[in-house]
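Undergrad: fold the stuff below for me.
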Amino acid sequence: MHSNCVLGLTGGPLLALLCGCASIPEGRAAVDSLRVVGAHEVVQADIIDRIATEDSPKFLGLLRGVAYDYSIYDPAVLQRDLARVERYYRGRGFFEAHARVGRVHYVGSDHVRIEIVVDEGRPMLNRQVRVDGVDALPSAIASAARAAATAALPAKARFDEDAYAKARDTLARALTDRGYAYAKVTADARADLASNSVDYVLTVSPGIAAVFGPITIVGLDPDGAGPAPQEIEEAPLRRAIAIREGSPYSTAQIESATQALLDLEVFSAVHIVPGLGDPPTSVVPLVVQAEPTKLRAWRIGGGFEFDAIKTDVHGVLGWENHNLLGGLRDLSIDFKPGVVLYPMLLQANFCPKSDCESNFDNRGSWNRARRGLSSQSSTCIPCWSSRGRT
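TA: Presented below is the predicted three-dimensional model:
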């Protein structure tokens, strides 16, 4: 085992840095660099992020083996990385991609540079999307479901397994936004290697149509059954939620209500949980789980600003109340004392001696920069002339 950490420093700093140097095991080699050759359709950095072999990190972008351990070259790990590269390519639509080790170049006896060569092949493209199970639904909802699936898997786009998985959620969301709270979606992809195309079948189980039931808000009492009073009233919260009991179930409305409650700035977290029962029921109650934050708070801080126009140093003192006189009325008071310094401007004007006094009276000023007052100075420099004698 040995260390390759060499620095041109002396004394204590050298000793401190040497103590942080990493060592390369005897008979092994550190990876100096790792490149992927042939990656044209896929970003090389995305490939490297998904494999175990990596180049040794550099301290401050300059020195390997200082503060960070070396990345040690392991042929068995590299072989498994080739399978990982091919798997990643298949997930991006390149079903026939192949990866191999192009070169392992030794730099000295204990450092290597590695190249992985990729043959991407032809990509698989989306061809047809079929949605089953929506024919019995109202025509507007069935059309929205088909449009959502087609938009998620556009024709002639390259196959992508993340987009494929997201298409199921997108289609289910198109139904849960329109009253079908129990909708489920399964998906099947069929690849045709001869034509390099992929066909999709998305099967929908819409379940029964549902409406919103009663809304229960929990978590408003600061200490449960303790003596502390509940300060936040439910009435303004229900107005912000804006979900009417008996209206069609909608995931979008639940998300909008959650954000509306957070926008009141009196909760640190809000979760609206629909009561989706088993067996399914046509009425879905909602439970609003709220975590109140402090309704009143002081703000103390400071800062400075420096640019070509001005320089200022200031403090910040503020107080806010998010439930002034009840009803979640919001009051915020801020006091920002500070000193604003404007840069001093020095101007030199050359003028005849006879005009010096009047110019100085008209333009001359000398105000030191303090307490937000501007500073400006205008100086008149007279021009002396000599006349010849006869």
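Undergrad: list the contacts for Arg173?
TA: Arg173 makes contact with 148, 251 under the criterion C-beta atoms under 8 Å, 6 or more residues apart in numbering. Backbone N, C-alpha and C define where each C-beta goes, glycine included.
Undergrad: which residues of the stretch 251-390 of the chain fall in helices?
TA: Remark: helices assigned in the stretch 251-390 of the chain by DSSP state H, counting those that start in this stretch are 251-262, 353-363.
Undergrad: the first one packs against which elements?
TA: Of the remaining helices and strands, those touching helix 251-262 by 3 or more C-beta pairs under 8 Å, 6 or more residues apart in numbering; DSSP states H and E are helix 234-241, strand 267-274, strand 283-292.
Undergrad: mean pLDDT lowest where, among the helices of the stretch 251-390 of the chain?
TA: In terms of average pLDDT, helix 353-363 trails the rest of those, at a mean of 48.
Undergrad: distance of Ser247 relative to Ile300?
TA: Applying C-beta to C-beta, to the nearest Å, the value for Ser247 to Ile300 is 46 Å.
Undergrad: mind listing what the closest residue to His98 other than its chain neighbours touches?
TA: Once flanking residues are discounted, His98 sits nearest to Asp119: 4.8 Å by C-beta to C-beta, 6 or more residues apart in numbering. Residues near Asp119 by C-beta under 8 Å, 6+ apart: 38, 97-99.
Undergrad: again, only using 7 Å
TA: 38, 97-98 (C-beta atoms under 7 Å, 6 or more residues apart in numbering).
Undergrad: out of the helices and strands packed on helix 251-262, the one nearest Ala76 is which?
TA: With C-beta to C-beta, the closest approach to Ala76 among the helices and strands packed on helix 251-262 belongs to strand 267-274: 46.3 Å.
Undergrad: any idea of the angle the closest one forms with helix 251-262?
TA: Interaxial angle, strand 267-274 versus helix 251-262 (axes from the mean of the first three to the mean of the last three C-alpha atoms, to 10 degrees): 160 degrees.
Undergrad: what's strand 267-274 in contact with?
TA: Strand 267-274 is contacted by residues 181, 254, 257-258, 261-262, 284, 286-293 when judged by C-beta under 7 Å, 6+ apart.
Undergrad: what's the closest non-adjacent residue to the residue most central in space within the chain?
TA: Residue closest to the average C-alpha location in the chain (C-alpha atoms, centre = their mean): Asp46, at 17.4 Å. The shortest distance from Asp46 to any non-neighbouring residue, by C-beta to C-beta, 6+ apart, is to Tyr88 (7.6 Å).
Undergrad: secondary structure class for the one you found?
TA: helix (DSSP: H, G, I helix; E, B strand; the rest coil).
Undergrad: quick one: low-confidence residue ranges for the stretch 151-300 of the chain.
TA: In the predicted model of the stretch 151-300 of the chain, residues 222-229 satisfy pLDDT under 70.
Undergrad: okay, now Pro138: neighbour count?
TA: By the criterion of other C-beta atoms under 10 Å, Pro138 has 12 neighbours.
Undergrad: and it, how far is that from Ala97?
TA: According to C-beta to C-beta, Pro138 stands 44 Å off from Ala97.
Undergrad: pretty sure Ile24 sits against Tyr70.
TA: Yes - between Ile24 and Tyr70 there is a contact at 5.6 Å, judged by C-beta atoms under 7 Å.
Undergrad: kind regards, and thank you for your time.
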